[in-house]
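*Asks:* kindly return the folded structure for what I paste below:
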Amino acid sequence: MRRVLITGIGIIAPSGLGRERFWNAILNGTTLIGPITRFDASGYSCQIAGHVDDAVLDEASDPRKRRTASHATRMALVAADDALRDARLSLEGTEPDGVGVCLGTALGGWTDGERQYGVLLERGVRRLNPFLVSGSGNHGPGVEVASAIGAQGVQVTFSSGCPSSLQAIGYGASLIANGTLDICLAGGTESPLSPMVVAALSRTNELSTTNADPSRASRPFDVRHNGMVLTEGSCILVLESEESVVRRSAQPYAEILGSLTSCDARGMYGADADGTAGGRAVHRLLSACGLPPTQLDHICAHANGSPSFDRKEVLVLKRSLGEFAARTPVTSIKGVLGHPFGAAGSFQVAASVLTIDSNIIPPTHNLDSPAPECDLEFVRDKPREENVGSVLITSYGYGGVNSYLVVRRAA
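*Replies:* Below you'll find the predicted structure:
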């Protein structure tokens, strides 16, 4: 099995375009959350979200795609281009069937479909965008990214809820490891800010209602966590085989050791009460990677400020790491980022490899007083300078989906 290295990070998020803006926001706690501007949310219990600046997206994207591609797809195209630039990678002359695309999204072009349904009702069938069905499917971002870079190898979309992009990265890494691909663009994209999505999640009390203080609304692990804050954005990584990296004398950020997914099998709204299924999966993954808990330096947690998901996170880590769960530094980046649904895992991987690259662990912002059931070694208040050689990334979703990935310093 070949080594899999991360050589590029492409990001478009509420922080702006590029990894540096994202990393500075995560380190410094620069708020990315504000009042919803995509529609009139004044009658909603949740009125806040993290928005990508339309001006930034329009400037960085191909204007010809505004009609034929969804908002999620346009963000993915921008993130993919940014990732290739960051990796200093030109695909010219590369065997096209050795290049693949693996992306994840929970909702795909849902927002565009919802908007066009309004057009149909208000203005009639002849005003409907004829590219709606083909352009707004969940597979759209992967299709368009593959076309943009000329990738004729594997092109696949994961849509398993919040863990979608972490699964996509894990799968892309496995294709490089087994020799199917030499290069893979892998990550996620999400555009969840629509009236129906916000209304439905508000009805089930999944979203934060701290509207008066948006910058403090997303509170992972905190005693006052009262729901997640939705965010839109895209994060795509360049994965390469070691041979490809050596051939072009590239400098990798980190190495992907392995990934694993499991399911609680408790239905759409149930979860394993004591974290057994997720705990077993983490244990199996660390064993397969040859990484005992004593050598795990950091955990980049899914924790999105939802009490049920934060609680599950803690149970899984205690079940899998035992006494070392209380000793391993844990961070959630979602106090600043918010929760970009199916793209969340890719942003966590980006934060993890930047942690390894800089030896700085970002803090969990807005974590003032941990909830009683959340009793781990949280990094709080300010960044922590520490030699970080390995990171476990966790991701959870509705239906009890558990996804994990391990990255380490590229020796």
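*Asks:* going forward, measure contacts between C-alpha atoms and count neighbours the same way
*Replies:* Noted.
*Asks:* per-residue pLDDT of the residue nearest the centre of the chain, please?
*Replies:* Centroid-nearest residue in the chain: residue 344, 2.2 Å away (criterion: Cα atoms, centre = their mean). We have a pLDDT of 98 for residue 344.
*Asks:* ok, and the closest non-adjacent residue to it?
*Replies:* Sequence neighbours aside, residue 162 is the residue nearest to residue 344 in space, at 6.5 Å (criterion: Cα to Cα, 6 or more residues apart in numbering).
*Asks:* check the secondary structure at the residue nearest to the centre of the chain for me.
*Replies:* helix (DSSP: H, G, I helix; E, B strand; the rest coil).
*Asks:* which ones are touching it?
*Replies:* Neighbouring residues of residue 344 by Cα atoms under 8 Å, 6 or more residues apart in numbering: 162, 163, 165, 166, 188, 302, 395.
*Asks:* among these, which ones are in helices?
*Replies:* 165, 166 (DSSP state H).
*Asks:* of the contacts of residue 344, grab the buried ones for PyMOL.
*Replies:* To isolate the buried members of the contacts of residue 344 in PyMOL, using 16 or more other Cα atoms under 10 Å:
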select buried, resi 162+163+165+166+188+302+395
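*Asks:* now the contacts of residue 344 as JSON lines including pLDDT and distance to residue 280?
*Replies:* Shown next, in JSON lines, are the contacts of residue 344 (pLDDT from 0 to 100; distance: Cα to Cα, whole Å):
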{"residue": "162", "pLDDT": "96", "distance to residue 280": "20"}
{"residue": "163", "pLDDT": "97", "distance to residue 280": "17"}
{"residue": "165", "pLDDT": "98", "distance to residue 280": "21"}
{"residue": "166", "pLDDT": "98", "distance to residue 280": "18"}
{"residue": "188", "pLDDT": "98", "distance to residue 280": "26"}
{"residue": "302", "pLDDT": "97", "distance to residue 280": "17"}
{"residue": "395", "pLDDT": "98", "distance to residue 280": "15"}
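*Asks:* ok, the contacts of residue 344 vs residue 351, which is closest?
*Replies:* residue 302 (12.0 Å; Cα to Cα).
*Asks:* just give the closest residue to that closest one, not the sequence neighbours.
*Replies:* Closest to residue 302 by Cα to Cα, 6+ apart is residue 395, at 4.8 Å.
*Asks:* quick check: beta-bridge partners of that neighbour?
*Replies:* With DSSP bridges applied, residue 395 shows beta-bridge pairing to residue 403.
*Asks:* who are the contact partners of it?
*Replies:* 162, 163, 166, 301, 302, 344, 345, 402, 403, 404.
*Asks:* and if we set it to 7 Å?
*Replies:* 162, 163, 302, 345, 402, 403, 404 (Cα atoms under 7 Å, 6 or more residues apart in numbering).
*Asks:* now do residue 111
*Replies:* Residue 111 touches 191, 192, 193, 194, counting by Cα under 7 Å, 6+ apart.
*Asks:* next one: the second one from residue 212, what distance?
*Replies:* This means residue 192. 21 Å (Cα to Cα, to the nearest Å).
*Asks:* before we move on, what about the third one?
*Replies:* When Cα to Cα is applied, the distance between residue 193 and residue 212 equals 19 Å.
*Asks:* quick one: the strands in the stretch 151-300 of the chain?
*Replies:* 155-158, 183-190, 233-241, 254-263, 298-300 (DSSP state E, counting those that start in this stretch).
*Asks:* most packed of these?
*Replies:* strand 183-190 (a mean of 35; mean count of other Cα atoms under 10 Å).
*Asks:* direction included, what does that strand pair against?
*Replies:* strand 99-104 (parallel), strand 233-241 (antiparallel).
*Asks:* quick one on the thing from earlier: state the distance from the residue nearest to residue 302 to residue 167.
*Replies:* 9 Å.
*Asks:* joint contacts of the two?
*Replies:* Shared contacts of residue 395 and residue 167, defined by Cα under 7 Å, 6+ apart, are found at residue 403.
*Asks:* quick one, phi psi at residue 178?
*Replies:* Main-chain dihedrals, residue 178, degrees, to the nearest 10: phi -90, psi 0.
*Asks:* contact partners of the worst-scoring helix or strand of the chain on mean pLDDT?
*Replies:* Ranked by mean pLDDT, DSSP states H and E, the weakest helix or strand in the chain is helix 132-135, scoring a mean of 86. Outside of helix 132-135, the residues within contact range by Cα under 7 Å, 6+ apart are 68, 69, 70, 113.
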